[in-house]
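In: A structural model of the following input is requested.
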Amino acid sequence: MKIFPSPRKLIAAIAIATCATAVTAAPSHSQTEPAPTAPLSNDWKDYGNIEQGFMQGCIGKQLLPSAQKKIRQEFCQCAFLSYKNRYAPQTFMQMNALAIDIGEKGPALVNLMMRPEIDVCTTRTGFRP
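Out: Modelled structure (predicted):
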């Protein structure tokens, strides 16, 4: 039994939060669902293509000049690696689910939690979300 919404929706939500834009509507998870009986994997590969979904959500669909798009891509890659280094995949998925449940203020919470990493990525790339 799954305790999270689909990984693609969750990843997009955290990516969007990282880039300081609005979270799109997505189904919320139920906090009353029972925990899965099998242990959750710590291998990011077991959670689908998280990086691709994150990058798509972070970069967005805006038409940007190629130089700006490259800077944003570098920022998003840095942000994803920061998440990956700091959190286990199941923790990452739980944060995303909660950010969606919180709604409009979810991105602000995620940005606050990741502020040190976001600041490093901003310094490295010059992109300010």
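In: which helix or strand lies directly C-terminal to the helix or strand bottoming out on mean pLDDT in the chain?
Out: Confidence across the helices and strands of the chain bottoms out at helix 7-18, with a mean of 57, counting by mean pLDDT, DSSP states H and E. Toward the C-terminal end, the helix or strand that comes next after helix 7-18 (DSSP states H and E) is helix 50-59.
In: helix or strand right after that following helix?
Out: helix 66-86.
In: next, the angle helix 50-59 makes with that following helix.
Out: Comparing the axes of helix 66-86 and helix 50-59 via axes from the mean of the first three to the mean of the last three CA atoms, to 10 degrees yields an angle of 130 degrees.
In: helices and strands around the helix or strand just after helix 66-86, which ones?
Out: Remark: after helix 66-86, the chain's next helix or strand is helix 89-102, criterion DSSP H and E. Using 3 or more CB pairs under 8 Å, 6 or more residues apart in numbering; DSSP states H and E as the contact criterion, the secondary-structure elements in contact with helix 89-102 are helix 7-18, helix 106-113. No exception for glycine: its C-beta is placed from N, CA and C like everyone else's.
In: the same query, at a cut-off of 10 Å, please.
Out: Applying 3 or more CB pairs under 10 Å, 6 or more residues apart in numbering; DSSP states H and E, we find helix 89-102 packed against helix 7-18, helix 50-59, helix 66-86, helix 106-113.
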